[in-house]
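Enquirer: Give the three-dimensional model of this entry:
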Amino acid sequence: MALPAPGLSPGSHPLDSLSLAPLTPFTPRSLGLGAFFSLCIAIGDPYGNMVIRGSYMGLDFSTPGAVFLFFLLAGLLNHALRLRREELLVVYAMMIAASAIPTMGLSEYLLTIISGVQYYASPENEWALLIQPHIPTWMVPQDPEAIKWFYEGAPKGQGVPWGVWLGPLACWLVLATALYLVMISTTVILRKQWVEQERLVYPIVQVPLEMVQQGGGRPFFRNPAMWAGFALPVLASTFNGLHAYFNFIPALQLVSSTPILRNTVNLEFRLSFPMLGFSYLINLDIAFSLWFFNTVAKLLRGGLNILGISSTEKLGIYGAASEPVLAHQGQGAMIVLVLFGLWIARGHLRGVLRKAFKGDSQVDDSGEILSYRAAVFAWLGGVLVLSAWLWLSGLPAWAAPLTLITALLIFVGLTRVVVEGGVATAVGPMIASSALVSAFGSQVLGPSGMVGMAFTYVWAADIRTFVMVSCAHGLKLSEHLGPRLRPLFWALLLAILVSLIGSLATILHLAYTYGGINLNGWFFDGGVKAPFEYAAVKLNSPVGPDWEGWAHTLVGGGLMALLMLARHQLFWWPLHPIGYPIGAVWLMDALWFSIFLAWLVKLAVLKYGGPQLYRATRPFFLGLIVGQFAIAGAWLIVDYFTGMTDNVVFWI
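Expert: Numbers count the residues shown, from 1 in each chain. Next comes the predicted model:
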């Protein structure tokens, strides 16, 4: 049997061996399939959570929709398509970039927030007096009737009034383009530090890599341990899915809770199969720290409640805002996490700047998707455009760049948490607008500034997914794509563009067809009102800087600095600091139990079976992830054809 030529992989076309040049993964079929599946995500994610109202496939960093489609592509369709491993990874990188946009990443918040202040204005909330006079006309649609139809459905035969939306969406497209260029540039600048020097784990990308592995063990789709893990969420979700059709079939309860600390705190026990799988892939000290710091946060919250100690500060609904003390401490810890990481990377960053401004030949950027010069200047240009955009939206000139830098610190910090800690579902302890209002007060921002802050909720509030994390994962996958990586930048941009246009058009079509208020109760109601309710509170009762918040931010930053120093100086220190910034956020209350179980099992496996047993059990936990996402996608398809709604078999 003839062996493939050097550089070729099994399944390559025989004619490929006639060429001595390395095969590029950026072929018309990989880019075409990547764009096609990106469009499927752009249409499918909003349709799934708005019309079918089934399992959420695009809210979180785990990108369930992309994993589901890749499972079909790599496990089934590729027997006919015969894409090479590298081509498959290009498709996946494009899909995860596309997944960060259609729902919480941008689109479902953009369309609703820029129209919701007009639709929900009433004599009771006084938004027409407090907020609307300070909204620049170029930011929002101006036709009240078209906005009413968006929420209540258009009359038969009317369709989507595109002209009403094109102007404001074009203005928001400027912000989105600059924001995504800054995010991509940031990951390019940090990639070598995180991937090659610090060697972060990137647990989430281990799933697609295992699906396309070649050699070195039993293939992923032929591994009995993987299928055993795959079967558990499939069986559990099948029971729960069938229960929606036949109520005599029992539903499996995977969530329970018990009150603790004089009924002041609920201790939630939620079994999340994907989080169990991802947590098994991370280091023991990280897994331990994630559930440990969440436990400490719950004890602190309960203790404060018992003692009657609370803050009267209003931070809004996001992050750990239910307890402002913990929110500020987490924010201080997040800032120190990012700044300490930049300090550790100072040598690398100096090299990046030398390459960008002086063309230093000793700094190699040939393995990046952008040259360091392009990345640095794209970052600087994007920051300038974003700052100007925020200023034009109403923020004072000093607050616009400060809000942006705060948001970027949170983005980078969360990206670090995800790629190192494998936390597939996470949010920050605070959001940029709340942090700035708390630090400087609503009085100095003024009415226009507070309204401008409200509109930052479109892209910098409920950030359970965003392009920076997807791009960071895509750059980790680029290690397996060969030496010429510049086309990956354009592939990611193509996926983002397809997802942005496709999702906006889909949401507009669905809203005008069915009426938004009949679709998703969060995106067309609670999520729309949240920014303006927060702004209205501050406009009705202007406040100055919250000095207590400053103090707790410093406390959190100081504790984080001590944790990081202990981690670097004391070899026996058991706590990884990455768990502290997000320890108090509400999502960790739901995920801690799954992380704890994974940590406990992995601890026993390594103690009694060593690395060999860990390698043998690893496919089982990968199967938990793929099985949950596959069955969630399968039920969405079944529900689509049967007309069933609200059949949620997977949330986080």
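Enquirer: List the buried residues for the host helix or strand of Leu110?
Expert: Taking DSSP states H and E as the definition, one finds Leu110 inside helix 107-119. Of the residues in helix 107-119, 107-119 count as buried by neighbour count, 16 or more other CB atoms under 10 Å. C-betas here are computed from N, CA, C, even on glycine.
Enquirer: Check stretch 542-555 too.
Expert: Buried residues in stretch 542-555, counted by 16+ other CB under 10 Å: Asp546, Gly549, His552, Thr553.
Enquirer: Tell me how far the most centrally placed residue in the chain lies from Val427.
Expert: The geometric centre of the chain, computed from its C-alpha atoms, lies nearest to Thr465 (CA atoms, centre = their mean), at 1.8 Å. Using CB to CB, to the nearest Å, we find Thr465 at a distance of 10 Å from Val427.
Enquirer: swap in Glu368?
Expert: In terms of CB to CB, Glu368 sits 29 Å off from Val427.
Enquirer: Repeat that for Trp162.
Expert: Counting by CB to CB, the gap from Trp162 to Val427 is 34 Å.
Enquirer: same deal with Ser30?
Expert: Ser30 sits 33 Å away from Val427, going by CB to CB.
Enquirer: now the helices for the stretch 401-550 of the chain?
Expert: For the stretch 401-550 of the chain, the helices defined by DSSP state H, counting those that start in this stretch occupy 432-440, 442-455, 457-460, 467-477, 486-514, 527-540, 547-569.
Enquirer: can you put those in CSV and add distance to Thr295?
Expert: As requested, these are exported to CSV (distance: least, CB to CB, whole Å):
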stretch, distance to Thr295
helix 432-440, 25
helix 442-455, 33
helix 457-460, 29
helix 467-477, 26
helix 486-514, 38
helix 527-540, 29
helix 547-569, 16
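Enquirer: Can I take it that Val23 is in a strand?
Expert: Residue 23: Leu, not Val. No - using DSSP: H, G, I helix; E, B strand; the rest coil, the secondary structure at Leu23 is coil, not a strand.
Enquirer: so how many other residues sit close to it?
Expert: Other residues near Leu23 come to 17 when the count uses other CB atoms under 10 Å.
Enquirer: What of the one 4 residues further on?
Expert: By the measure other CB under 10 Å, the count of residues near Thr27 is 16.
Enquirer: Which secondary structure state does Pro396 sit in?
Expert: Following three-state DSSP, the label given to Pro396 is coil.
Enquirer: so who does the closest residue to it other than its chain neighbours touch?
Expert: In space, Pro396 comes closest to Gly449 once its chain neighbours are excluded; the distance is 5.4 Å by CB to CB, 6 or more residues apart in numbering. When contacts are counted by CB atoms under 8 Å, 6 or more residues apart in numbering, Gly449 is found next to Gly394, Leu395, Pro396, Ala399, Ser442.
Enquirer: And the strand or helix carrying Gln628, what's buried?
Expert: Gln628 is part of helix 610-642, with elements assigned from DSSP H and E. Neighbour-count burial for helix 610-642 flags 617-636, 639 (criterion: 16+ other CB under 10 Å).
Enquirer: gap between the closest residue to Tyr120 other than its chain neighbours and Ala327?
Expert: With sequence-adjacent residues excluded and distances taken as CB to CB, 6+ apart, Tyr120 is closest to Lys529, at 5.9 Å. Lys529 sits 21 Å away from Ala327, going by CB to CB.
Enquirer: try Ala388
Expert: Taking CB to CB as the measure, Ala388 falls 30 Å from Ala327.
Enquirer: Compare these two (neighbour count), which wins?
Expert: Per other CB under 10 Å, whichever of Ala388 and Ala327 has more neighbours is Ala327, with 31 against 15.
Enquirer: My guess is that one contacts Ile317. True?
Expert: No - between Ala327 and Ile317 there is no contact under CB atoms under 8 Å: 11.2 Å.
Enquirer: tell me the phi and psi of Asn240?
Expert: Backbone torsions for Asn240, taken as degrees, to the nearest 10, come to phi -70, psi -40.
Enquirer: Make sure it is actually in contact with Pro250.
Expert: No - using CB under 8 Å, Asn240 makes no contact with Pro250, being 9.2 Å away.
Enquirer: higher neighbour count, those two?
Expert: Neighbour tally, Asn240 and Pro250, criterion other CB under 10 Å: the higher count belongs to Asn240, 21 against 10.
Enquirer: mind listing what's buried in stretch 488-496?
Expert: For stretch 488-496, a neighbour-count test (16+ other CB under 10 Å) marks Leu488, Phe489, Ala491, Leu492, Leu493, Leu494, Ala495, Ile496 as buried.
Enquirer: Can you show me the strands along the stretch 201-350 of the chain?
Expert: Along the stretch 201-350 of the chain, counting by DSSP state E, counting those that start in this stretch, strands occupy 255-260, 265-270.
Enquirer: tell me what the helix holding Leu110 is packed against?
Expert: helix 144-152, helix 162-192, helix 442-455, helix 457-460, helix 486-514, helix 527-540 (3 or more CB pairs under 8 Å, 6 or more residues apart in numbering; DSSP states H and E).
Enquirer: re earlier: from the buried residues of helix 107-119, which single one is nearest Leu81?
Expert: For Leu81, the closest of the buried residues of helix 107-119 turns out to be Ser107, at 29.2 Å, with distances computed as CB to CB.
Enquirer: show me what contacts that closest one?
Expert: Ser107 is in contact with Pro46, Ile101, Leu500, Ser503, Leu504, Ile507, counting by CB under 8 Å, 6+ apart.
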